[in-house]
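Colleague: take this sequence and fold it.
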Amino acid sequence: MAIQQKLSLMIPGPTPVPEKVLQALSKHPIGHRSKEFQELVASTTKNLQWLHQTQNDVLTITGSGTAAMEAGIINTLSKGDKVICGENGKFGERWVQVAKEFGLEVIKIQSKWGTPLNPEEFKKILEEDKQKEIKAVILTHSETSTGVINDLETISSYILAHKKALSIVDCVTSLGACNVPVDKWQLDIVASGSQKGYMIPPGLSFIAISQKAWEAAEKSNLPKFYLNLKSYRKSLTSNSNPYTPAVNLVFALDESLKMMRAEGLDNIFSRHKKHKLAMSNAMKALDLELFADEKCLSPSITAVKTGEIDAEEFRKTIKNNFDILLAGGQDHMKGKIFRIGHLGYVNDRDIITAVSAISNTLLKLGKITAQQAGEALVVSSRYLEEN
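Modeller: Down below sits the predicted model:
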């Protein structure tokens with residue numbers, strides 16, 4: 001019987017989990033109405049505010065990042081409200097779908113997959129809205145499906161200039177990977193998920209909410225019960241939760257946030273930046289074309305075109321030979337690209353290992369020379385050392 005191999009997750013989620021966090025996860029559960037759990041909630045809430053760089057409420061929901069985004073929409077808007085949705089990938093498309101499902105009037109700002117949203121298009125539509133009919137701008141910061149990061153800082157400045165519209169932002173693969181200063185940029189709704197930069201398993205989502213968003217919540221008439229954020233806010237005043245939370249995931253969250261705080265925000269952001277540069281430049285050294293525009297590469301994931309090579313077969317080969325899981329393309333990009341996650345608990349060794357596995361596979365397929373394979377390692381190593 002073969003020894004079970006360790007599967008290395010080089011996907012945008014779930015991401016690898018540190019040993020300390022796994023140990024925290026394995027603790028015996030405690031009562032979610034106990035004093036001990038209240039102390040845990042107090043600790044995680046304080047550290048969540050630190051991570052979000054905010055004094056605003058940061059609520060924890062047992063659910064995925066999609067739950068947090070849906071909660072942000074249904075708690076602040078009403079049926080028939082006019083909203084702008086940015087769409088340049090799979091998740092932008094999802095927020096359009098969610099908005100329409102709840103009867104919102106959607107103005108789409110689109111960009112081709114692999115390219116960023118144009119902030120000036122947001123500015124134009126918002127400036128033309130003299131009657132202030134637009135109630136929110138919904139967009140994805142780091143578009144996981146394509147490896148593109150959108151210019152949230154500039155777009156949020158245009159939303160602020162409008163004065164009326166809320167910003168509702170999917171920061172699922174940017175929070176904990178790059179700078180998202182919620183208070184400085186005056187973001188209203190910021191949603192994220194546990195299985196990304198937080199370095200814990202799936203199951204929790206987080207939502208930072210501004211005072212402006214709470215004021216909008218007083219007028220919202222969309223249906224909500226489990227995702228009624230007023231209930232979560234009320235419970236948070238006593239360091240509790242309106243419903244039974246995923247207790248052991250909160251154990252894990254407490255440990256991961258302490259690890260992140262010890263590393264420091266600047267070091268976390270620098271680590272993700274160097275891994276982005278090491279991976280993207282190594283792929284170019286292998287004559288592989290990046291799917292995303294180089295001026296807007298996400299710090300969390302690198303999407304790579306495979307040309308005549310079937311990307312799904314390529315991923316399968318790497319998994320079978322090296323126990324490394326890469327992500328595939330979504331929808332019309334399936335079989336055409338693969339995506340390498342370098343988000344959360346990923347270190348330099350993981351980057352070098354993934355580059356080596358990709359190089360080795362291309363070498364065996366006769367697509368590159370041994371010299372190119374070596375050059376890719378040299379290039380990635382150089383960026384790891386320099387940054």
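
Colleague: okay, and the beta partners of Ala208?
Modeller: For Ala208, the beta-bridge partners are Val58, Val190 (DSSP bridges).

Colleague: how about the contacts made by it?
Modeller: 48, 52, 54, 56-59, 182, 187, 189-190 (CB atoms under 8 Å, 6 or more residues apart in numbering). In this view, the C-beta of every residue, glycine as well, is placed from N, C-alpha and C.

Colleague: and the helices in the stretch 101-250 of the chain?
Modeller: 119-128, 152-162, 182-185, 211-217, 229-236, 247-263 (DSSP state H, counting those that start in this stretch).

Colleague: got the buried residues for stretch 235-245?
Modeller: 235-236, 239-242, 245 (16 or more other CB atoms under 10 Å).

Colleague: identify the farthest-apart pair in the residues you listed.
Modeller: Maximum pairwise distance in the buried residues of stretch 235-245, criterion CB to CB, is 12.5 Å, between Asn239 and Pro242.

Colleague: and the helices in the stretch 251-387 of the chain?
Modeller: Here the stretch 251-387 of the chain has its helices, by DSSP H, counting those that start in this stretch, at 265-285, 311-322, 348-364, 370-386.

Colleague: roughly how far apart are Ile309 and Ile337?
Modeller: Distance of Ile309 to Ile337, computed by CB to CB, to the nearest Å: 11 Å.

Colleague: give me the more crowded residue out of these two.
Modeller: Neighbours were counted for Ile309 and for Ile337 using other CB atoms under 10 Å; Ile337 has more, 25 against 18.

Colleague: residues contacting the more buried one?
Modeller: Shown in contact with Ile337 (CB under 8 Å, 6+ apart): 291, 303-306, 311, 328-329.

Colleague: top of the residues you listed by neighbour count?
Modeller: That'd be Ala303 among the contacts of Ile337, by other CB under 10 Å, with 28 neighbours.

Colleague: just checking, it touches Glu289?
Modeller: No: contact criterion CB atoms under 8 Å: Ala303 and Glu289 do not qualify, at 10.0 Å.

Colleague: ok so, going back, possible to save the helices of the stretch 101-250 of the chain as JSON lines with distance to Leu204 and mean pLDDT?
Modeller: Below are the helices of the stretch 101-250 of the chain laid out as JSON lines (distance: least, CB to CB, whole Å; pLDDT from 0 to 100):
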{"stretch": "helix 119-128", "distance to Leu204": "30", "mean pLDDT": "98"}
{"stretch": "helix 152-162", "distance to Leu204": "23", "mean pLDDT": "98"}
{"stretch": "helix 182-185", "distance to Leu204": "18", "mean pLDDT": "98"}
{"stretch": "helix 211-217", "distance to Leu204": "20", "mean pLDDT": "98"}
{"stretch": "helix 229-236", "distance to Leu204": "12", "mean pLDDT": "98"}
{"stretch": "helix 247-263", "distance to Leu204": "5", "mean pLDDT": "98"}
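
Colleague: the strands in the stretch 51-200 of the chain, which residues?
Modeller: In the stretch 51-200 of the chain, the segments counted as strands under DSSP state E, counting those that start in this stretch are 57-62, 82-87, 105-110, 134-140, 142-143, 148-149, 166-170, 189-193.

Colleague: any chance of JSON lines for the helices of the stretch 101-250 of the chain, columns distance to Leu139?
Modeller: Shown next, in JSON lines, are the helices of the stretch 101-250 of the chain (distance: least, CB to CB, whole Å):
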{"stretch": "helix 119-128", "distance to Leu139": "8"}
{"stretch": "helix 152-162", "distance to Leu139": "7"}
{"stretch": "helix 182-185", "distance to Leu139": "13"}
{"stretch": "helix 211-217", "distance to Leu139": "15"}
{"stretch": "helix 229-236", "distance to Leu139": "20"}
{"stretch": "helix 247-263", "distance to Leu139": "25"}
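
Colleague: which among those is found nearest to Asp350?
Modeller: Closest to Asp350 of these, according to CB to CB: helix 247-263, at 16.1 Å.

Colleague: export only the CA atoms of that closest one, formatted as CSV.
Modeller: Output of helix 247-263 as CSV, limited to C-alpha atoms (Å, rounded to 0.1, in the frame of the first residue of the first chain):
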residue,chain,number,x,y,z
VAL,A,247,-16.9,27.5,17.6
ASN,A,248,-13.8,25.6,16.6
LEU,A,249,-13.3,27.8,13.5
VAL,A,250,-13.3,30.7,15.9
PHE,A,251,-10.5,28.9,17.9
ALA,A,252,-8.6,28.7,14.7
LEU,A,253,-9.3,32.3,13.8
ASP,A,254,-8.0,33.6,17.1
GLU,A,255,-4.7,31.7,16.6
SER,A,256,-4.3,32.8,12.9
LEU,A,257,-5.0,36.5,13.7
LYS,A,258,-2.4,36.3,16.5
MET,A,259,0.1,34.9,14.0
MET,A,260,-0.7,37.6,11.5
ARG,A,261,-0.4,40.3,14.1
ALA,A,262,3.1,39.0,15.1
GLU,A,263,4.2,39.1,11.5
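
Colleague: so for it, what gets flagged as buried?
Modeller: Neighbour-count burial for helix 247-263 [16+ other CB under 10 Å]: 247-258, 260.

Colleague: most tightly packed of the strands of the stretch 51-200 of the chain?
Modeller: Mean neighbours per residue, mean count of other CB atoms under 10 Å, is largest over the strands of the stretch 51-200 of the chain for strand 142-143, with a mean of 32.

Colleague: strands paired with that one, and their directions?
Modeller: strand 148-149 (antiparallel).

Colleague: what's the mean pLDDT across the strand it pairs with?
Modeller: The pLDDT scores in strand 148-149 average 98.

Colleague: stretch 274-284 too?
Modeller: Mean predicted lDDT for stretch 274-284 stands at 98.

Colleague: return the distance of that stretch from the chain's centre.
Modeller: 19 Å (CA atoms, centre = their mean, to the nearest Å).

Colleague: from the contacts of Ile337, which is closest to Val98?
Modeller: Closest approach to Val98 among the contacts of Ile337 (CB to CB): Gly329, at 22.4 Å.

Colleague: give me the spatial nearest neighbour of the closest one, chain neighbours excluded.
Modeller: Spatial nearest neighbour of Gly329, chain neighbours left out: Ile337 (4.1 Å); criterion: CB to CB, 6 or more residues apart in numbering.
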